[in-house]
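Colleague: What would the 3D arrangement of this be:
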Amino acid sequence: MVYWTRPNLDTWKINTDGSYMINQNKAGAGGIVRNRIGEMIMAFAYPTHFCTNNFSEPHAALIGISWCCEQQFSHLEQTVLAPRRGAAARFARR
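Modeller: Reported below is the predicted structural model:
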């Protein structure tokens, strides 16, 4: 189960994800930006042209981070799950 945790004071939290449906050859990137108390500041969903989750997920993070930079939000917290999933799988196989 995944839980949302509050960021530090004056920090904006970005949660993003990307996906690829091989059977439909479609990919997408989406995310949400929240403030310290969990209020949604911005959400997005875009189609992408990437052929794996490993490309769509960083693209989603880039969209969220870029938007925050345009708004001059200087303290950001980004949750990145894909590398952790891969690392956990590698360690589990040993």
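Colleague: Helices of the protein, start to end?
Modeller: When assigned using DSSP state H, the helices of the chain occupy the ranges 53-70, 82-93.
Colleague: partner residues bridging the closest residue in space to Thr52 that isn't next to it in sequence?
Modeller: Once flanking residues are discounted, Thr52 sits nearest to Tyr20: 5.5 Å by C-beta to C-beta, 6 or more residues apart in numbering. Placement of C-beta: from N, CA and C, glycine included. Here Tyr20 sits in beta bridges with Ala27, going by DSSP bridges.
Colleague: Now the residue nearest the centre of the chain: closest residue in space that isn't a chain neighbour?
Modeller: For the chain, the residue nearest the mean C-alpha position is Thr16 (1.9 Å; C-alpha atoms, centre = their mean). Leaving aside its chain neighbours, Thr16 sits nearest to Gly31 (3.3 Å; criterion: C-beta to C-beta, 6+ apart).
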